[in-house]
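Undergrad: Got a sequence here, can you model it:
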Amino acid sequence: MPLLQTQNLKVKIADTVACERLNISFNAGESWAVLGMNGSGKTTILHTLAGILHPQQGDVLINDKNITDLSRKTIAQNLGLLLQHQEDHFPGTVLQSVLIGRHPHLQNWQWDSEEDINIAKKALAALVLSDLSERSILTLSGGERQRVALATLLTQQTKIRLLDEPVNHLDLHQQHEVMKLFTQDKSEQSNIFVLHDINLAARYCDNVLLLLGNGETLHGAVDDVLTEQNLSNLYKHPISEISQHSQKYFIAS
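TA: Numbers count the residues shown, from 1 in each chain. This is a model prediction of the structure:
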């Protein structure tokens, strides 16, 4: 059974149709990249998969159950969403912020347990943030704040992880460390990344969804879908493929 599935999905924002009649299954053990030009509807599709936005037609299913029939708490126990932009309205510490990821697993008025705190600390360590755990969230740089958001998603411990531009604000080293962290041990998880970097998609993802415009999409295995012709059509710019050390890379011609 797919962890997440769409059935005849049509997603539209304003005059832009992001996808139409999209039937796709996201299975455990897979990492997907969503690629498209600015304004093509990548974030809108991600928010629709998360149940935040409603599609024009079609359905989104989590574990074979329609997302509209599930409570927000049940959705949050199964699906985590990393937003493109992070906003902090309260001056909590880094650890307190990351513990928000445990909220879907708590009962009303229940405090964080020692186990919850240990889960959060483990996530902070994975993002190399342990030394900042008692820092105010308001004092962090953009890259540090992004890693806190990623640690919060890890702390949520969901099997479905939707990540909107997860490497935003991160330097080259951190970009690869984050992608490796989320893809190296994903036997029970399904990751769906909105990315701008074709080469990160080619290197770390198994499958890709291309938003070609006017509702047209193309999806499948990375080796089949990421081609010079498909990417040139996608970005309306010539793209060339080069190979090095058994890894293919794409550059703008």
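
Undergrad: buried set for stretch 170-184?
TA: For stretch 170-184, a neighbour-count test (16 or more other CB atoms under 10 Å) marks 170, 174-175, 177-179, 181-183 as buried. For every residue, glycine as well, the C-beta is placed using N, CA and C.

Undergrad: between these, which is closest to Val60?
TA: Closest approach between the buried residues of stretch 170-184 and Val60, by CB to CB: Phe182, at 21.5 Å.

Undergrad: just the helices in the stretch 151-253 of the chain please.
TA: Using DSSP state H, counting those that start in this stretch, the helices of the stretch 151-253 of the chain run over 172-183, 198-204, 222-225, 228-235.

Undergrad: ok, Met1 touching Asp64?
TA: Yes - the criterion here is CB atoms under 8 Å, and Met1 meets it with Asp64 at 5.4 Å.

Undergrad: What ranges does the stretch 51-200 of the chain have for its strands?
TA: Counting by DSSP state E, counting those that start in this stretch, the stretch 51-200 of the chain forms strands over residues 57-62, 65-66, 79-82, 160-164, 190-194, given from the N-terminal end onward.

Undergrad: for those, which one sits closest to His245?
TA: For the strands of the stretch 51-200 of the chain, distance to His245 was read as CB to CB. The smallest value, 22.8 Å, belongs to strand 190-194.

Undergrad: List the contacts of the spatially most central residue of the chain.
TA: Using CA atoms, centre = their mean, the residue of the chain that lies closest to the mean C-alpha position is Leu163, 1.6 Å off. Under the criterion of CB atoms under 8 Å, 6 or more residues apart in numbering, the contact partners of Leu163 comprise 82, 150, 153, 182, 191-194.

Undergrad: I'd like the distance between it and Leu226.
TA: Taking CB to CB, to the nearest Å as the measure, Leu163 falls 19 Å from Leu226.

Undergrad: do the same with Ala252
TA: Relative to Leu226, Ala252 is positioned 14 Å away (criterion: CB to CB).

Undergrad: Those two - which one has more neighbours?
TA: Relative neighbour count places Leu226 above the other of Ala252 and Leu226, with 24 against 11, counting by other CB atoms under 10 Å.

Undergrad: For the more buried one, grab phi and psi.
TA: Backbone torsions of Leu226, given as degrees, to the nearest 10, read phi -80, psi 90.

Undergrad: which non-adjacent residue is nearest it?
TA: The shortest distance from Leu226 to any non-neighbouring residue, by CB to CB, 6 or more residues apart in numbering, is to Ala202 (5.5 Å).

Undergrad: Can you give me the neighbour number for that neighbour?
TA: Per other CB under 10 Å, the neighbour tally for Ala202 reads 19.

Undergrad: got it, and the one 10 residues further on?
TA: Summarising burial for Leu212: neighbours were counted as other CB under 10 Å, giving 16.

Undergrad: ok, now Arg102?
TA: The number of residues near Arg102, taken as other CB under 10 Å, comes to 20.

Undergrad: Could you check the pLDDT of it?
TA: As summarised for this prediction, Arg102 has a pLDDT of 96.

Undergrad: Kindly report the same for Gln86.
TA: Reported pLDDT at Gln86 in the predicted model: 80.

Undergrad: Ala28: which element?
TA: Secondary structure assignment for Ala28, by DSSP states H and E: no helix or strand.

Undergrad: For it, what are phi and psi?
TA: With angles defined as degrees, to the nearest 10, Ala28 shows backbone torsions of phi -60, psi 140.

Undergrad: Ok, the one 3 residues further on next?
TA: In this entry, Ser31 is assigned phi and psi values of phi -120, psi 130 (degrees, to the nearest 10).

Undergrad: wait, isn't it in contact with Asp185?
TA: No - using CB under 8 Å as the test, Ser31 is too far from Asp185 to be in contact (11.3 Å).
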